[in-house]
Each structure stands twice: as C-alpha cells, then as structure tokens.
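Visitor: Pasted the sequence and its predicted model underneath.
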Amino acid sequence: MCQVYRTQGARNYPSRQNEDSMDSEDDVMQALAAHDEAVARCGRTIWVGAEPTYTDRNAETPQWLFNALGDDKLQRGQRMLKRVAQANPGAAVLHCVGRQYSGEPCPRWSLGLYLRRDGRPIWQGPPDVLLVNPKEPAETPVARSEAFAAALTGVLNSFQWTAATLDAPLTQRVVFRTDGEAPVTDVTVEPLLNRPSLHGDKVEGAEVTDSLAESGTYLVVASDEAEGLRVELPRVSDVAEFERLLSAVSTAALEAEVPAILLSGFPPPVDSTVAWTTITPDPAVIEVNMAPVGCATDLLTRLRELANAADAEGLSTYRLQYNGVESDSGGGGHITFGGIEPSSSPFLTEPSLLSSLVRYFNRHPSLSYLHAVDSVGSDSQAPRVDETLSQALPELSLALELLSRVENPLPETIWGTLAPFLSDPSGNSHRAEINIEKLANPYLGGRGRLGLVEFRALRMAADPETMASLAALLRAIVAMLAEHPSSEPLIDWGESLHQRFSLPYYLHRDLKEVLADLQTQGFGLAPPLVDRVLCDQHRVLKECQLGELRVELRRALEFWPLVGDVATQERGGSRLIDSSTSRIEIRLRSANTESLADWTVSVADWIIPLQQEADDEGSLRLAGLRYRSFVPLAGLHPTLGAQSPLTLTLSHPIEGTWNITIHEWHPLGEPYPGLPSTIDEARERRAARCVVQSNDNPPAALTAPPAEAVGECVVDLRWQ
C-alpha cells in the first residue's frame with residue numbers, strides 16, 4: 001500500500017517548467033499513479049528515495065556558490081524543517097550529528113524528522129525549540145536539567161530497564177541498560193561516561209560510533225540552554241527500543257515542565273515502520289535526504305511539500321547566470337532505489353538485476369547525459385562505467401559473465417564483483433553514476449549495507465513534477481529489468497560516446513528507444529511524464545527563421561578535464577576543472593527539403609560537415625562544434641586563445657547568406673543590470689547573445705577541416 005502523507009496545502013512554489021505544452025500537475029499525479037499500478041501488477045516492490053537540493057539563486061556568497069557551511073545556511077535549514085515538521089504533527093525533530101568530511105574540523109549539522117509510517121505519533125513531549133513561537137516574550141530561563149534527569153531515571157526504571165543518574169559538572173547524565181544488568185556509574189572505571197558532546201568532536205573512521213552503546217550501556221546527557229533543554233541521545237540500533245527511549249524522554253520532560261526541547265546526538269535507527277528525512281548542508285546548497293517511499297505518487301507529494309518549504313525560504317532548484325544560462329542548484333538531484341528494508345531490496349532479491357542495469361545503461365547513454373549536471377565525463381562526480389574503463393571494458397564483461405554463473409550470489413558477492421568497476425578513475429566508489437556504496441559494502445558500517453543503488457549523474461530537476469517523472473523513468477527501467485533480465489553484450493562506444501552523445505538530438509533519439517522498450521514490456525510512461533523527461537528547454541540558445549530555413553542552436557554537452565594531479569585534488573573540498581571549452585549543436589530545417597540539402601555552414605574558412613537526420617518534425621541537418629569560449633587562469637593548452645565570439649556563416653546559392661555570431665556575454669560587452677529575475681528573462685538574454693545578420697557576400701573558397709579536427713558528429717575548432 002502507498003503511504004499517504006499530510007501536506008501543507010496547495011502548491012505555491014514557482015515553476016521553472018513553464019512550457020505551454022506541459023500537462024497540468026494533476027495530470028502528472030495521475031500518470032504517476034498509472035506507473036505505480038504497472039509496477040504493482042508485476043508483483044514488484046521498488047522503493048524510491050530522492051536527494052533534492054536547494055540554493056539561494058540570488059546570493060553570491062561562498063556558502064551558496066561553493067562552501068558547505070557558513071552565514072545563514074543553518075538558520076534557513078532550520079526554518080525549512082520547521083515548516084515540514086508543522087505539517088507532520090507527532091513526528092520527532094532530531095538535531096543529529098552529521099557527516100564528517102576531510103578538511104573540516106567537526107561533523108556537519110544534520111536536522112531530521114522522524115515519524116512512524118502508520119501515522120501514530122512518535123513524539124508527544126514538549127515542542128522542539130524550532131517550533132516555539134519566537135515572537136512570544138522570552139521567559140527567564142529556569143534550570144530544568146536536574147529535574148529532567150531524575151524524572152528520566154525513574155521512567156526508565158519503570159520500564160524494567162536499569163538506570164542511574166551520574167554526578168557530572170555542567171550537565172546531567174543518565175546511564176542505563178536494557179538487559180537488566182546494573183550500569184557502571186563510576187567514571188574512573190568507565191571514562192566514556194564523562195565524554196564531551198558528540199557534536200564538538202571530530203569523527204574518526206567511516207561513521208560516528210558509540211562505544212558505550214556497543215557494550216550495552218547507554219548514556220543520555222541533558223543540559224540547560226537559553227532556548228530550552230538540550231538532550232543528547234545515544235546510539236540505539238533497535239527501532240522499538242529507540243521509540244521507548246523517546247517515550248521516556250517525552251514523559252520525563254513533561255514531568256520536569258520543560259517548555260521546549262532540543263533532541264541531539266546520534267542518528268536514529270530506521271526500519272520499515274519509520275520514515276527518516278534529513279536536511280543537511282552541502283557545497284552551494286541545502287540537501288534533503290528524503291525518507292524512501294513505496295509509490296511515485298507519494299514521492300511527488302513529499303517533493304511538493306519540500307518545494308513549498310524551500311520557496312518560503314527563498315531557495316530554488318536552479319540558478320540563472322548573468323548571461324542567461326540556466327544551471328541547476330549546484331548540488332545535483334540524486335535518486336535512490338531499494339526496499340523498505342535491506343533484505344527486500346530488488347537488487348538483492350533479484351541477483352541479476354544490478355548486472356542488467358549496468359548493461360542497459362551502457363547501451364543507452366541518454367540515461368547518463370540527458371539530465372546530467374553540467375560537468376560530465378570521466379573526471380566528473382558521477383562518471384559512466386565505460387568512461388573509467390576505456391581499456392578494461394573486457395574485464396567488466398568478464399565480471400558480469402562470472403557473476404551470472406553464480407546461483408543466488410550473496411549480497412557481498414554482488415557488491416565485491418561490481419564495486420571495482422563502479423567508481424571514478426581514482427577508485428572512489430562514491431563518485432560513480434551507478435553508486436552501490438550503500439548496497440552491501442563491508443567498509444562503511446551500517447550505512448554501507450542498506451541494499452541501495454543511487455543514480456548520481458542527475459542534475460537537480462526543475463520542479464517536483466520533473467523529479468518525480470525522472471524517478472518514474474528509472475523505476476520503470478528497474479522493474480522492466482527485474483522482469484526481463486538483460487544479457488546483451490556491452491558496447492564499446494569509443495569516441496562515439498563523447499561525440500554522438502554530446503549532442504541533444506542523439507540523446508533524445510536514444511531516450512525514445514528506452515521509452516519504446518518500456519512500452520513494449522508493459523511499463524510505458526504516460527505522456528505527462530514523457531514530456532518532462534524529454535524536455536531540455538534550458539539548452540536552447542536561439543531559434544530563428546531565415547527565409548524558409550529554420551535554425552536551432554543548443555548547448556551541447558562538454559566533457560571537462562581535471563587540472564593537475566588528481567590525487568592531490570582529492571584531499572581538498574573541491575576539485576579544479578578546465579571548463580573553458582564549449583559545444584553547440586546546430587539544427588537546420590526547411591519546409592523545402594530539396595533546398596535544405598544546398599545549405600552550407602562554415603566557420604572562418606572551414607566548411608562544417610552536416611549529418612542528415614530526421615525526427616518527429618521531419619528532415620533536418622545537424623552538426624556539433626567544439627571551441628574554447630574563454631582562457632582559464634589554469635587549464636589545458638595555455639597557448640590557445642579564446643574563440644569567442646564565434647561566428648557561423650549559413651549560405652544558400654539562392655536564398656542568401658547570414659552570419660550568426662554567438663557571444664558568451666552581452667553582444668556589446670555591456671554589464672548586465674543584475675541576475676535575471678525570471679526564466680523568460682534568462683532565455684531572452686541567451687537569445688540576444690546570438691546575433692543574426694544578413695550578409696551580401698557569400699563565403700569565399702572554403703576548405704574541409706583537417707582530419708584530426710573532425711569527429712563523428714563534432715568539429716573541434718580548436719585546431720583552426
């Protein structure tokens with residue numbers, strides 16, 4: 001059954017996807033319901049989670065451009081959580097210790113909402129400090145920690161647990177055991193009873209650990225703060241026991257007349273009965289790790305709830321650059337699949353599924369690139385498996401074959417076979433398009449054995465409807481491959497991978513093949529979802545009519561390399577890439593198909609070879625161009641200058657000649673008055689950068705580019 005969640009009401013966030021052809025949001029919900037029915041009909045249970053990211057698109061401070069921490073990011077994350085918590089009464093608000101990253105002095109903050117999936121309240125104590133009305137006059141702080149500790153000790157003992165209060169400076173400490181044994185209370189015998197706050201210590205190893213809890217002893221620390229009572233909770237691995245602890249803390253806090261509480265400490269345990277959503281900082285964004293849901297309709301409901309909370313804080317899913325370029329939030333929009341619990345993950349119950357998925361993604365590059373972030377390729381944060389294994393694709397083929405010969409392989413066998421291939425060139429398994437570091441990983445503690453597969457190459461979607469549509473696309477593929485495993489051989493795309501599939505035309509054509517596969521196998525997506533997964537309006541630079549000729553210019557994909565020593569860069573918080581190269585796709589159409597063949601495109605004295613293709617609108621000719629758009633401070637080819645503005649000459653023996661000059665900035669070199677305020681304004685600025693002028697002089701003698709400059713579909717103008 002699909003869990004129906006409470007929402008804050010009607011949608012009020014601004015949509016980036018304002019195309020006239022898009023269906024209504026209700027149509028998207030109905031289409032997602034049909035998708036859920038198709039998955040249910042085949043008897044599959046495929047849970048989906050998402051990691052939407054939000055940024056302040058009008059801010060240009062470090063925290064919203066490249067830093068994870070700073071300024072008001074915590075406060076805005078807190079207010080987001082407050083809005084979501086208010087829509088979910090009975091949930092527990094937890095201020096847990098977050099992830100520890102290299103180069104940072106202590107773990108990041110992590111705000112979470114913990115609730116039961118059956119709707120019963122899990123917290124009935126005093127409100128969290130975030131939920132207290134700040135406009136109410138502040139009362140004189142009253143010390144409550146001592147009364148709370150005494151009350152908690154009594155409540156825990158009434159549970160037939162054994163608890164005692166410790167005498168500690170500045171804090172009140174309650175130690176207890178759940179097995180009936182008396183807890184150690186002498187700090188000289190057990191120094192960890194006097195440990196400092198978890199939130200101020202650097203985490204060593206893969207995850208934060210609680211040595212006391214591992215030995216069966218649990219420590220609760222209470223302290224008085226200006227905003228209320230802070231309670232630091234221990235690591236509890238069993239959900240039922242953690243719920244009892246929350247109940248005890250709730251009761252004790254009410255007995256001690258605590259006006260507001262802040263529950264902190266270790267993250268809570270999770271199983272099929274509870275949902276755990278966190279809000280955390282990441283470079284340039286606030287990231288939400290959503291609790292997984294069993295239906296795509298539930299995913300959309302939750303995404304809309306988050307979008308409302310983000311919009312109320314002035315946060316967006318995208319950025320608009322001065323020159324009109326539309327970028328995603330900067331943090332990506334990962335989508336994860338698994339089961340309600342690790343043992344029910346389809347990737348573990350269907351041993352061939354992960355192998356089939358690797359094969360299918362290899363054969364369909366559109367799944368990697370069409371909705372990818374701006375930085376793609378082998379040096380990106382989520383490279384394809386065949387981008388990191390250009391010389392070792394046969395090894396992956398062998399690995400897949402050997403795995404297929406194992407009957408009912410263990411999760412560790414599946415992970416151990418494929419993990420070496422699903423990583424970036426440095427061996428980092430976190431940076432992979434198909435990320436399995438949380439599938440059955442023995443090196444990441446409990447969070448490495450969750451039965452999850454995460455798709456990391458996705459840009460943050462424009463709106464909840466688009467993100468839910470992408471999730472439905474991937475979920476349908478997972479369901480299809482679970483029903484119909486793939487044993488097709490891997491394709492060695494060679495240069496074609498970064499040639500043909502850098503162009504939006506071929507990505508669209510490839511994705512339509514995927515959609516056709518889904519339709520054939522009974523998992524087809526309804527038109528409202530198809531419209532969104534095929535939409536890439538953010539890539540359009542300009543569309544114009546030159547007589548009978550229609551010209552379409554789009555940004556194509558570029559594959560930016562790392563600059564310098566990769567191993568050295570891994571030690572930093574960010575990595576330096578050379579983003580000075582750009583690609584564009586040129587499409588030519590004409591109602592007069594015979595006349596279309598006589599058009600030429602040239603750059604300087606090079607005539608650009610055009611591919612003859614067709615799509616739903618009819619015949620077209622197209623080409624891709626690669627050029628250096630600016631000279632970076634540090635990058636490849638230091639002697640190569642900028643090739644911007646770039647002038648294309650389109651000529652026909654009868655219909656005339658035109659120049660289209662593509663500027664990276666304002667055509668007159670003028671400053672922009674500020675960032676674009678709307679999507680429409682951004683698109684107007686993009687179009688204005690492409691200046692069209694008639695030319696009375698057709699191009700003189702043209703030459704073919706040298707062989708080294710001509711790829712399968714892209715001409716590299718840097719050789720000019």
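Guide: Received the coordinates, thanks. Computed from a predicted model, the values in this text were never measured in an experiment. Residues are numbered from 1 along each chain as shown.
Visitor: show me the contacts for the nearest residue to residue 152 once chain neighbours are set aside.
Guide: Spatial nearest neighbour of residue 152, excluding adjacent residues (Cβ to Cβ, 6 or more residues apart in numbering): residue 252 at 3.9 Å. To be clear about C-beta, it is placed using only N, CA and C from the backbone, and glycine gets the same treatment. Listed by Cβ atoms under 8 Å, 6 or more residues apart in numbering, the contact partners of residue 252 are 148, 151-152, 154-155.
Visitor: CSV please, covering those residues and showing pLDDT and neighbour count.
Guide: Shown next, in CSV, are these (pLDDT from 0 to 100; neighbours: other Cβ atoms under 10 Å):
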residue, pLDDT, neighbour count
148, 97, 27
151, 97, 22
152, 98, 26
154, 97, 15
155, 98, 21
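Visitor: Residue 169: which of the residues you listed is nearest?
Guide: residue 148 (16.8 Å; Cβ to Cβ).
Visitor: Quick check: the closest one touching residue 172?
Guide: Yes: using Cβ atoms under 8 Å, residue 148 is in contact with residue 172, at 6.8 Å.
Visitor: Mutual contacts of those two, please.
Guide: Common neighbours of residue 148 and residue 172 (Cβ under 8 Å, 6+ apart) are residue 222.
Visitor: Among the contacts of residue 252, which ones are in strands?
Guide: In strands, defined here by DSSP state E, there are no members of the contacts of residue 252.
Visitor: So the residue nearest to residue 152 belongs to a strand, correct?
Guide: No: assigned with DSSP: H, G, I helix; E, B strand; the rest coil, residue 252 falls outside any strand and is helix.
Visitor: quick one, what contacts residue 647?
Guide: 603-604, 659-662.
Visitor: In a markdown table, list those residues along with distance to residue 544, secondary structure and neighbour count.
Guide: Output for the contacts of residue 647, formatted as a markdown table (distance: Cβ to Cβ, whole Å; DSSP: H, G, I helix; E, B strand; the rest coil; neighbours: other Cβ atoms under 10 Å):
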| residue | distance to residue 544 | secondary structure | neighbour count |
| --- | --- | --- | --- |
| 603 | 18 | strand | 20 |
| 604 | 21 | coil | 13 |
| 659 | 12 | strand | 15 |
| 660 | 8 | strand | 21 |
| 661 | 12 | strand | 16 |
| 662 | 12 | strand | 21 |
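Visitor: By pLDDT, give me the weakest of those residues.
Guide: Least confident of those in the model: residue 604, at 94.
Visitor: Neighbours of residue 55, how many?
Guide: Close neighbours of residue 55, defined as other Cβ atoms under 10 Å, add up to 25.
Visitor: Which pLDDT value belongs to the residue nearest to residue 152?
Guide: So residue 252 comes in at 98 (pLDDT).
Visitor: now do residue 568
Guide: Note for residue 568: predicted pLDDT of 56.
Visitor: Ok, residue 444 next?
Guide: The predicted local confidence for residue 444 is 81.
Visitor: Assess the claim that it and residue 419 are in contact.
Guide: No: the criterion here is Cβ under 8 Å, and residue 444 misses it with residue 419 at 11.2 Å.
Visitor: overlap in contacts of these two?
Guide: Both residue 444 and residue 419 are contacted by residue 437, under the criterion Cβ under 8 Å, 6+ apart.
Visitor: Now do the buried residues in the one helix or strand residue 507 maps to.
Guide: Residue 507 belongs to helix 504-520 when assigned by DSSP states H and E. By 16 or more other Cβ atoms under 10 Å, the buried positions in helix 504-520 come out as 504-507, 509-511, 514-515, 517-518.
Visitor: what's the answer for stretch 66-81, then?
Guide: For stretch 66-81, a neighbour-count test (16+ other Cβ under 10 Å) marks 67-68, 73-74, 76-78, 80-81 as buried.
Visitor: can I get the contacts of residue 647 in TSV with distance to residue 584?
Guide: Shown next, in TSV, are the contacts of residue 647 (distance: Cβ to Cβ, whole Å):
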residue	distance to residue 584
603	11
604	16
659	15
660	10
661	12
662	7
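Visitor: Could you point out which of those residues is nearest to residue 319?
Guide: Nearest to residue 319 among the contacts of residue 647: residue 662, at 21.2 Å, using Cβ to Cβ.
Visitor: Once you drop chain neighbours, what's closest to the closest one?
Guide: Using Cβ to Cβ, 6+ apart, the closest residue to residue 662 is residue 646 (4.7 Å).
Visitor: Then residue 431?
Guide: residue 424 (4.0 Å).
Visitor: can you count the residues close to the one you found?
Guide: 21.
Visitor: Who are the contact partners of it?
Guide: Residues counted as contacts of residue 424 (Cβ under 8 Å, 6+ apart) are 378-379, 381, 383, 388, 431-432.
Visitor: name the element it belongs to?
Guide: Assigned by DSSP H and E, residue 424 belongs to no helix or strand.
Visitor: In the protein, what helix or strand scores lowest on average pLDDT?
Guide: Using mean pLDDT, DSSP states H and E, helix 566-569 stands out as the lowest-scoring helix or strand of the chain, at a mean of 56.
Visitor: Backbone dihedrals for the closest residue to residue 72 other than its chain neighbours, please?
Guide: In space, and not counting its chain neighbours, residue 72 is closest to residue 63: 8.0 Å by Cβ to Cβ, 6+ apart. The phi/psi pair for residue 63 (degrees, to the nearest 10) reads phi -70, psi -20.
Visitor: just the one 10 residues further on next, same as before
Guide: Backbone torsions for residue 73, taken as degrees, to the nearest 10, come to phi -60, psi -40.
Visitor: so it touches residue 281, yeah?
Guide: Yes: in this structure residue 73 lies within contact range of residue 281 using Cβ under 8 Å: 5.4 Å.
Visitor: any residues in contact with both of these two?
Guide: residue 63.
Visitor: mind giving me the domain ranges of the chain?
Guide: The chain resolves into domains spanning 25-67+283-533, 85-265, 536-719 when parsed by automatic domain parsing.
Visitor: how long is the second one end to end?
Guide: Across its full length, domain 85-265 reaches 19 Å between end residues, using Cα to Cα, to the nearest Å.
Visitor: nearest residue to residue 156 other than its sequence neighbours?
Guide: residue 163 (3.7 Å).
Visitor: Quick check: the one you found is in a strand.
Guide: Yes: under three-state DSSP, residue 163 sits within a strand.
Visitor: so what's it bridging to?
Guide: Note on residue 163: beta-bridge partners residue 176, judged by DSSP bridges.
Visitor: correct me, but it touches residue 175?
Guide: Yes: counting by Cβ under 8 Å, residue 175 is a contact partner of residue 163 at 6.9 Å.
Visitor: shared neighbours, these two?
Guide: Common contacts of residue 163 and residue 175 (Cβ under 8 Å, 6+ apart): residue 183.
Visitor: Tell me which stretches of the stretch 601-720 of the chain form helices.
Guide: Applying DSSP state H, counting those that start in this stretch to the stretch 601-720 of the chain gives helices spanning 679-688.
Visitor: How much space separates residue 467 from residue 296?
Guide: Note on residue 467: its distance to residue 296, by Cβ to Cβ, to the nearest Å, is 10 Å.
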